[in-house]
Structures are given as C-alpha cells and as structure tokens.
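>>> Dropping a prediction and its sequence here:
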Amino acid sequence: MHGVFQKQAWVRVRWLRKSTARGVVTFNCYIYIYIHSRRQGFITWLLFVVSLDLPHSCVINREREREGDMGSTDWKLPDHQKIAKDKIIAVVVLDGWGEFKEDQYNCIHVAETPVMDSLKTHAPNRWRLVKAHGNAVGLPSDDDMGNSEVGHNALGAGRIFAQGAKLVDSALATGKIYGGEGFKYIKESFETGTLHLIGLLSDGGVHSRLDQLQVRASEHGAKRIRVHILTDGRDVLDGSSVGFVETLEKDLEDLCKKGVDAKVASGGGRMYVTMDRYENDWDVVKRGWDAQVLGEAPYKFRSAVEAVKKLRAEPNANDQYLPPFVIVDENDKAVGPIVDGDAVVTFNFRADRMVMMAKALEYENFDKFDRVRFPKIRYAGMLQYDGELKLPSHYLVSPPEIDRTSGEYLVKNGIRTFACSETVKFGHVTFFWNGNRSGCFNPELEEYVEIPSDVGITFNQEPKMKALEISEKAKEAILSRRFDQIRINIPNGDMVGHTGDIAATKVACKVTDEAVKIIIDAIEQVGGIYVITADHGNAEDMVKRNKAGDPLLDKNGNIQILTSHTLQPVPIAIGGPGLAPNIRFRQDLPGAGLANVAATVINLHGFEAPKDYEPSLIEVTDS
Ligand SMILES: O=C(O)[C@@H](CO)OP(=O)(O)O
Ligand SMILES: [Mn+2]
Ligand SMILES: [Mn+2]
C-alpha cells in the first residue's frame, strides 16, 4: 500500500453513446497515460483518440457463448458405478448457519432446533463440517470470513476460484488494473471532469475493502475526486463507520495537500442507500441516486465525519441504515453531484448489491425510478457484475470466470431443477450458484421461483421471514415429482443475524429448523435424498470475542454484538430413504470445504463428477 510505482498505459474513453435497435454504439477515444503513484495520490493522464465499438445484444452474445461452450466441453457425465439414478434430491442451504461452541451467544444452540440436532447426533457418518471461509472459498486469506457470494459460487461450481477480493488485490499489486481497458476508459475524464468513487466503506472484505479504495485512489492523476460512501456495520462492527470515515477523510486531506481537490460528497447506510439487491426495493437505489448524482438528500453536513457522528447519535441509528446525506460547501451547495463529463467507479467487487446501481448508471432506457438527470459519464465497475448482461460494460478487473457449474452439467444431463428462495436470497441459489449468471440454462427443464421478501423493514421485525413459504413451495415441487433437484436457500439465520438482535435470531433459527423439517418430511414421502448445508456462519456466534474466545465488552460494559458473518465451518448432512444404507461420508477429507459439495450432489444424482471438481464427500462401502 505504501509502494511507489509508475505505469504507462492505454486507456479507452467512451465519449459518445448512441442507442440502436440492437444495442449501443460506442465511440471510443484512446488515451496514452502515464501514472505515477504513491500511497495517497490520485490520477494523471495524457492524450488521445479513435475507434468504434460495434453494437451487440446480450442475447446474441449469450447464444454465441453457448455454442462455443457446447463445442469445447464434453457435458456428458458418466454414470456412477454404484449409485442409482432418478432419486429426487433436495439441496437446502441454510444461510448464515455455522457450527460453534455452545454458549448463550450461539443462537442456533440456544434456539429449539430438534431437526438439525438430530441430523448431527443420529447419523454421525452422514453429518460433518466443511470449511466455508478464507482460502477454501477463494478469498485472499484464512482471516476472511465467508459470505454468500463465494459460498454459493463454491457450492455450485465444485471448484475454488480466486474471488473478487483476491483478483482486485492482485491487479493492484501488479499494477495491471491501471493498464486495463476500464481504467483507461474512465481516465479520459480526469482532465476536465470529476472522478466519483461510490461504494461500501469498510475493511469487511465481503463487498469491498477500504485499502483497495486507498490504493486505487492514490496518485493516478485525477484532479478532482468525490467519494460517495456507504457505511457498513454489517460486515464489521456497528459504529466502526466513524473510524473508517476518519481514515478516508485523512487520506483525502493528504491528497488536497498535493493539489488534488478530493472530498467526500455524499453518504448513507448500505441497507438504506444504494445497496439493495435482486430488485427488492428500488427506493433504496433511488435514495442513493438522489444524493450521489443529483446532490440532494434530507441531511446536509459540512463534513462526512460530522455527518456520520450526528446521524449515529439519533435514536436507534446504526451504520447499516444511516439516512442519505450530502456534503455541502459554505453556500449550502452540494460539493459533488455527478454531472456530464465525469467518471464514475463503483468500487465494490461483489456483484449482487451493485447491479441495480450499475443499471441506473449505465442504461439509457430505465424505468425503475425517475432519475431526473441521466448524466453522460464514463462509468466502470470494479468488476463486471453480471457476465450475462455484460454489466457494466466497462470494468477495472475481470471477474472470476466460473464455468461448467454443477447446475449446468446436471441440466445438460437431463436433471430437472427447481430453485427457490425469497427475493433477498433468490439470486444466491440461481445467479451465484450458476457462477454469476442470471437466467437459467434450459427453461424446459428448470423452474426458478422467487417469493417476494418483505420490503422496508429490518428482519428482526419479522424474523420468520418467508422460511415456511419457501419450504412449502419446495415441498410442492418435491411432491409433484416434476423435478429431480429441488434447491432452496433459507435466509433467516443470516438476515436476522445481521441485525444483531439475539432474541430475534433465536426465532430465526427455530423457524429455519421447522422449514428443514417440511423438506425432510416431503423427501420421506417420495423416497428421495436430502442434502442440508450452509454457505457460511453467522447466527452461531453473535458476539465479538477476544483470542481466548471470551466476549468483548465495550466502554460501557456491554457486550459487543457481532452483526457480521464468522470464520466458522458449516455442517453438511445427507439422508433420506433414497440414500442407500452403504453411502456415508469419507473419512479422508478432513480439510474439505463447500466446493466439495457439488461433486457430492452430482454423485447422489447417479453421475460421476467432472474430473477437475473437488472430490466428492461420499463413499459407497461394500457392506
Ligand atoms: O448482506 C450482504 O450483502 C452480505 C453481508 O455483507 O451477506 P450475504 O453474503 O449472506 O449475502
Ligand atoms: Mn449467506
Ligand atoms: Mn449475510
């Protein structure tokens, strides 16, 4: 982070976009840039012109890719020699359900969870733990907690891919990021326009990382920089926003001393401003748009530190839900609305909570809310957030190329698939599961059902969420016998765990257990198999601890509530009448992780898994 480096590169800038029936025609100008970087600096550029992007449509691209895939991949899975086909399999992901010591802050332990308890105690050969954090799911280090994106990617893809956090780290370390198309593109605005950086401000490492913003924002020649912050409190402790904003403001001050006009321009809490997902509530994105683009918000402050401190002092305020604010100058004028000719980077590497904003920033035709103004900007994502939609069309770092997922293999081998969750987790068992692809592979064999989530509440208010509705839908799908795989995500442990409300999280865990029972009972009726697992920990530990594992107290003597995910492993249990008695978990894979689940499920469907998948967790004994 403290290194000094120099780079020269070509940058593309889109300077004119025109919609046509088949897509967007983009005229580009190319600029040769010279970058001199030191820790807190920003941006520099030089010169110049020409080229033209031909229009394309997503549909055409998708078909071409598919044809290419079909040509190079052998999709046919060999039959498993010992496991019969045609069993109905329920794959259940309990979001945020880890395994941890049994104390009063372990909500799973404290709640009544007889079904999950019995899976653990009654069939020891069919219950085990798997790793769900750090290197096991493609994160930079084993200090990184798991999360839904990397967890579901690993569960679905059967292999470990270097994930966004890691890819950005390495693109920054090598300097490759600055030579890439995306950076070159935005850089063309640096001379006359402002560079806006929008994203989650914390070191949580789930959606973004502050140090990546610091490095990125350091000495790359932008003359005017505005940062639009989203406070966290969900991947990091509530209240930590103040420290992160202080760090950022200090960095920006240092830049100002070097002659860069750099300021925080707006802000708001991530769950209330900008970072909605799966189109649950466009109002969230609109609040962000109004503050970031239009420079309008209900609260105005002269500095971001003051904003966050004052807004946090309101009753029941927390970092996740801070209201939107703008920073104003001495004339009460917003210091950083986004206007024609500016560059914008959304610096989150994770997709789900940036896709909606990306659409608002990029799509000429857009009807989700009234944007009032649609500035002509050069916009790039830290990553491309949706490979299928090619959104955004410019990005600084290429996303992981997660190909040949288990879902695609199984569908291509005739497995009829049903996937379901409520809105806030719907994309987890579809988009993330399928390697960050929206849509299904074969609509004739697949049905994806989304149950609308509650809107405008924090989930401790409704801790049962839609768990029972999801499992009832899954039950219907199981009993209909129209599907071979029924895949669901039960969100409660995670979504309620993130609120930090221990009483509500207990309710969440109890209803999750009830939902599991509905699935297991349905599977009993059709002679099927269940696979119950989770994507990462959350509800099993609700308190921040010291190294010895004891709860930490804050300065008032209260326990420090942990709203984030954890580093804990998660359980996986298999069973059901369709599971032959001689199938059990292998004993020789003690370090297995979520990526080992895909091959396991493929085997249970009666196929051998692709050779390069992480090994299956099961074995078939002779007896
Ligand atoms: O809510 C989210 O965006 C993340 C936490 O940042 O949780 P999950 O990975 O479980 O979706
Ligand atoms: Mn999750
Ligand atoms: Mn979560």
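In hand now; what should we look at? None of the values given here were measured: they were computed from a predicted structure. Ligands and ions are numbered 1, 2, ... in the order given.
>>> burial measure for the residue in the stretch 101-250 of the chain positioned nearest to ligand 2, as a count.
Of all residues in the stretch 101-250 of the chain, residue 148 sits closest to ligand 2, at 3.1 Å by Cβ to the ion. For glycine as for every other residue, the C-beta is placed from the backbone atoms N, C-alpha and C. By other Cβ atoms under 10 Å, the residues close to residue 148 number 26.
>>> And it, how far from residue 402?
According to Cβ to Cβ, to the nearest Å, residue 148 and residue 402 sit 15 Å apart.
>>> Report the closest residue of the stretch 401-550 of the chain relative to ligand 1.
residue 494 (4.6 Å; Cβ to the nearest ligand atom).
>>> Doesn't that residue lie inside a helix?
Yes. In this structure, residue 494 lies within a helix as judged by DSSP: H, G, I helix; E, B strand; the rest coil.
>>> give me every residue that touches the closest residue to it other than its chain neighbours.
Leaving aside its sequence neighbours, residue 494 sits nearest to residue 96 (Cβ to Cβ, 6 or more residues apart in numbering; 2.7 Å). Residues in contact with residue 96, defined by Cβ atoms under 8 Å, 6 or more residues apart in numbering, are 491, 493-495, 497-498, 534-539, 565.
>>> can you give me phi and psi for the closest residue to ligand 2 within the stretch 501-623 of the chain?
Residue nearest to ligand 2 within the stretch 501-623 of the chain (Cβ to the ion): residue 535, separated by 4.4 Å. Main-chain dihedrals, residue 535, degrees, to the nearest 10: phi -100, psi -20.
>>> Numbering from 321 from now on, please.
Right, with 321 as the first residue, what we last looked at is residue 855.
>>> For residue 517, see how far away it is.
Noted for residue 855: a distance of 29 Å to residue 517, by Cβ to Cβ.
>>> When those two are compared, which one has more neighbours?
For residue 855 versus residue 517, the count of surrounding residues by other Cβ under 10 Å is larger for residue 855: 33 against 24.
>>> Give me every residue in the stretch 621-770 of the chain lying close to ligand 1.
By Cβ under 6 Å from any ligand atom, the residues of the stretch 621-770 of the chain that approach ligand 1 are residue 673.
>>> which intervals of the chain have sub-threshold pLDDT?
In the predicted model of the chain, residues 321-391, 535-539 satisfy pLDDT under 70.
>>> one more time with 90
Applying pLDDT under 90 to the chain flags the ranges 321-393, 533-542, 578, 707-708, 758-759, 874-876, 943.
>>> State which helix of it is the longest.
For the chain, the helix that runs over the most residues, judged by DSSP state H, is helix 822-846.
>>> Is any residue of that one near ligand 1?
No. Figure legend: helix 822-846 not in contact with ligand 1 (Cβ under 6 Å from any ligand atom); closest approach 13.1 Å.
>>> what's that helix packed up against?
Applying 3 or more Cβ pairs under 8 Å, 6 or more residues apart in numbering; DSSP states H and E, one finds that helix 822-846 contacts strand 409-414, helix 427-430, helix 434-442, helix 787-800, strand 805-810, helix 812-817, strand 849-854.
>>> one more time with 7 Å
strand 409-414, helix 427-430, helix 434-442, helix 787-800, helix 812-817, strand 849-854 (3 or more Cβ pairs under 7 Å, 6 or more residues apart in numbering; DSSP states H and E).
>>> Now distance to residue 750 and mean neighbour count too, for those, in CSV please.
Shown next, in CSV, are these (distance: least, Cβ to Cβ, whole Å; neighbours: other Cβ atoms under 10 Å):
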stretch, distance to residue 750, mean neighbour count
strand 409-414, 12, 27
helix 427-430, 26, 24
helix 434-442, 25, 15
helix 787-800, 13, 21
helix 812-817, 17, 31
strand 849-854, 17, 26
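>>> right, so of those, which gets closest to residue 534?
helix 812-817 (29.0 Å; Cβ to Cβ).
>>> before we move on, the earlier item: so the residue of the stretch 721-870 of the chain closest to ligand 1 touches residue 857, yeah?
No. The pair residue 814 / residue 857 is not scored as a contact, 9.2 Å apart, by Cβ atoms under 7 Å.
>>> related to what we said a few turns ago, which residues sit in contact with the residue of the stretch 821-943 of the chain closest to ligand 2?
Residue 855 makes contact with 413, 415, 452, 466, 468, 471, 472, 475 under the criterion Cβ atoms under 7 Å, 6 or more residues apart in numbering.
>>> same thing but 8 Å
Neighbour list for residue 855: 413-416, 452, 466-468, 471-472, 475, 748, 809, 814, 890, 914 [criterion: Cβ under 8 Å, 6+ apart].
>>> how near is it to residue 502?
On the measure of Cβ to Cβ, residue 855 and residue 502 end up 29 Å apart.
>>> now residue 398
Remark: distance between residue 398 and residue 502 (Cβ to Cβ) = 41 Å.
>>> Compare the two (neighbour count), which wins?
Each of residue 398 and residue 502 has its neighbours counted (other Cβ under 10 Å); residue 502 has more, 26 against 10.
>>> who are the neighbours in contact with the more buried one?
For residue 502, the contacting residues are 700, 701, 714, 715, 716, 717, by Cβ under 8 Å, 6+ apart.
>>> helix or strand for it, which one?
Using DSSP states H and E, residue 502 sits in helix 501-507.
>>> what element comes up after that helix heading to the C-terminus?
Remark: after helix 501-507, the chain's next helix or strand is strand 515-521, criterion DSSP H and E.
>>> next one: the helix or strand following that next one to chain centre, how far?
In the C-terminal direction, the helix or strand that comes right after strand 515-521 (DSSP H and E) is helix 530-536. On the basis of Cα atoms, centre = their mean, to the nearest Å, helix 530-536 sits 19 Å off its chain's mean C-alpha point.
>>> same check, this time on stretch 805-816
Offset of stretch 805-816 from its chain centre (Cα atoms, centre = their mean): 15 Å.
>>> what's near enough to touch residue 838?
Contacts for residue 838 (Cβ under 8 Å, 6+ apart) come out as 788, 791, 792, 794, 795.
>>> Up against ligand 2, what does this protein have?
415, 468, 814, 855 (Cβ under 5 Å from the ion).
>>> show me where the stretch 521-670 of the chain has strands.
Under the criterion DSSP state E, counting those that start in this stretch, the stretch 521-670 of the chain carries strands at the ranges 544-551, 581-589, 619-621, 645-647, 663-666.
>>> hmm, back to that, put together TSV for the helices and strands packed on helix 822-846, with distance to residue 668 on each row.
TSV is the format used below for these (distance: least, Cβ to Cβ, whole Å):
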stretch	distance to residue 668
strand 409-414	23
helix 427-430	28
helix 434-442	33
helix 787-800	27
helix 812-817	19
strand 849-854	24
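>>> wait, which of the ones you listed is closest to residue 629?
Per Cβ to Cβ, nearest to residue 629 of the helices and strands packed on helix 822-846: helix 812-817, 26.8 Å.
>>> Show me the contact partners of the closest one.
Contacts of helix 812-817 (Cβ under 8 Å, 6+ apart): 414-417, 427-428, 468, 744-745, 779-780, 783-785, 787, 824-825, 827-829, 831-832, 854-856, 858-860, 862, 883, 885.
>>> I'd like the strands of the stretch 521-670 of the chain written out as CSV, with mean neighbour count added.
As requested, these are arranged in CSV below (neighbours: other Cβ atoms under 10 Å):
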stretch, mean neighbour count
strand 544-551, 28
strand 581-589, 27
strand 619-621, 18
strand 645-647, 26
strand 663-666, 27
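>>> Could I get the ones you listed in JSON lines, plus columns for distance to residue 837?
JSON lines is the format used below for the strands of the stretch 521-670 of the chain (distance: least, Cβ to Cβ, whole Å):
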{"stretch": "strand 544-551", "distance to residue 837": "38"}
{"stretch": "strand 581-589", "distance to residue 837": "36"}
{"stretch": "strand 619-621", "distance to residue 837": "46"}
{"stretch": "strand 645-647", "distance to residue 837": "46"}
{"stretch": "strand 663-666", "distance to residue 837": "41"}
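>>> what's the closest of the ones you listed to residue 482?
For the strands of the stretch 521-670 of the chain, proximity to residue 482 was assessed by Cβ to Cβ; strand 663-666 is nearest, at 20.5 Å.
>>> Having no further points to raise, I will conclude here.
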